[in-house]
Each structure stands twice: as C-alpha cells, then as structure tokens.
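Enquirer: Here is the input, now give the coordinates:
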Amino acid sequence: MDKFKLEYRRFGNKALLIEWPRMVNESILNDIIKFKKLILENLDAYELIPAYNSLTIISSEEIDHDSLVKKLKEIYKQNYTQAKIQRKLWHIPVCYDTEFGIDMEDYSLSKKMSIEKIIDLHVAPLYTIYCIGFLPGFMYLGGLNKALHHPRRDTPRLQIPQGSVGIGGEQTGVYPQVSPGGWNIIGNSPVKIFNAANENPCGVSVGDKIKFYSIDKAEHELITIQVDANIFHLKTYELDDTSK
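Expert: Purely as a prediction, here's the structure:
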C-alpha cells in the first residue's frame, strides 16, 4: 500500500510532476528521496529534480505519460521502507558581524531580541535541505527556530553579495552567487556552496543536513583567502540513516 497518496501530473511533453501532500515534512522528503532512488535503479534516461513535496521527471524526448505513470506506480508500491538514504552533514562557517549582516540591526529591533541571542538561535539547529533553487546551489533550509521567523523584505535588493546568509519567512539559506534577493541578511559565509569549476559544481544534495557555526571577521578573512587558494575544505560527515 502506498505510504502517501501521490498525484501524477503532465508537465509538458517531456516532463512529469509527482506531488505529495502539500506540507513541509521530513517524512515526505525522505519518501521523495527513496522514490527517486528506486526510479534511478529501475528507469533510464531521466533527470530527477526533488523539492519540498514533489519530484519532477524530465526526459530529453517526448514522454508517453500514461505508460510512465503506470511504471511509476508499480515502482512506488515496492517495499522500500528499509532503503538507505545517503546523506552528508555540512558544517558551514558564518560571520554575523553587522558589516556582513546588513539587516541584522533592524532585524534585531523588529524581533526585540539581542544580536547575540539571534546568533545563538541560528546556529543551534541541524537544518535539512528541502530544495535547491532559485540559483544553482541555493539551499532552502528547514528547521529554523520559530522565534526567528520573519517576513521577507518589502523591497528586494538588486544585488546581494555572494555568501550572504538570510532569513525569509520560515526558512534560512545562503546566497551562492551575487544576485537580487529579498531575504533579511544576517551574516556571510566565506565558503562557496556552488563552484562551476568543480567536477560536481554543487556538492550539497536535497536531504543533506547543514550545521552553521559562528566565526569572527578575522576568521572570515582567513577562510576567504583559503577558499580562493583552493586549500579550504568544508567539514563534512557521512550520514547513513534508514529511518529518517
């Protein structure tokens, strides 16, 4: 029996959208990742893009939607409750100095909370990557403490510096490139989440975990130099979890 009731929708001639219940839920995310793994093991020549409550299947050729949906339903019925999810835990440094956290003071006043308290609450959780977009490598992270939830800015900025760490609504994330953006910027990470020069430009994956840790301006400057010299390596740990 299916764990969740799924909806299969045409997404043009070369794509299919599979939708789970509309909620941000790690059980749903795990189900998506496991289903993706089974599809890759059973079907060829498809690109799979997971998100909060959906999985998009893209082909280079036109899809016979009815035939594909039938195959997918058969695959989903397989018993994969013990399927292993390969994850990584990434430790990412962030400097919360107001030189980088250009919204930190206003954000602190709005929340009626000290900057020190904001930092403590922001580095405490183990975040989950629920989606990667709107930029290559932009991680939409779930797990932000409710006390830090805050609306996006009324007027987005035309240019947000690379590495900026922001809060938008119930989420937090890191801008991997210079771009427009409307999130509240509270700090900056000197690491590069996305690097087009690498064989695997975006090392992080949906389902991975993120742990932020606070650094000062001197450490930020040092790590920036190390990153530019290609001698800095993020601390990462392999997580093998069969149930979460």
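Enquirer: Please state the offset of the longest helix along the chain from the chain centre?
Expert: Secondary structure assigned by DSSP state H gives helix 26-42 as the longest helix of the chain. Chain-centre distance of helix 26-42: 16 Å, with CA atoms, centre = their mean, to the nearest Å.
Enquirer: Packing partners of that helix?
Expert: strand 47-50, strand 54-58, helix 65-76, strand 85-95, strand 127-132 (3 or more CB pairs under 8 Å, 6 or more residues apart in numbering; DSSP states H and E). In this view, the C-beta of every residue, glycine as well, is placed from N, C-alpha and C.
Enquirer: hmm, 10 Å instead?
Expert: Using 3 or more CB pairs under 10 Å, 6 or more residues apart in numbering; DSSP states H and E, the elements in contact with helix 26-42 are strand 15-19, strand 47-50, strand 54-58, helix 65-76, strand 85-95, strand 127-132.
Enquirer: Sheet-wise, list the partners of the shortest one with their directions.
Expert: Each strand that strand 47-50 pairs with, and the sense of that pairing, follows from DSSP bridges: strand 54-58 (antiparallel).
Enquirer: what is the mean pLDDT for the partner strand?
Expert: For strand 54-58, the mean pLDDT works out to 94.
Enquirer: Flag every buried residue along that strand.
Expert: Using 16 or more other CB atoms under 10 Å as the test for burial, strand 54-58 gives 54, 55, 56, 57.
Enquirer: can you give me the angle that strand makes with strand 127-132?
Expert: Counting by axes from the mean of the first three to the mean of the last three CA atoms, to 10 degrees, strand 54-58 lies at 40 degrees to strand 127-132.
Enquirer: How much space separates residue 195 from residue 227?
Expert: 9 Å (CB to CB, to the nearest Å).
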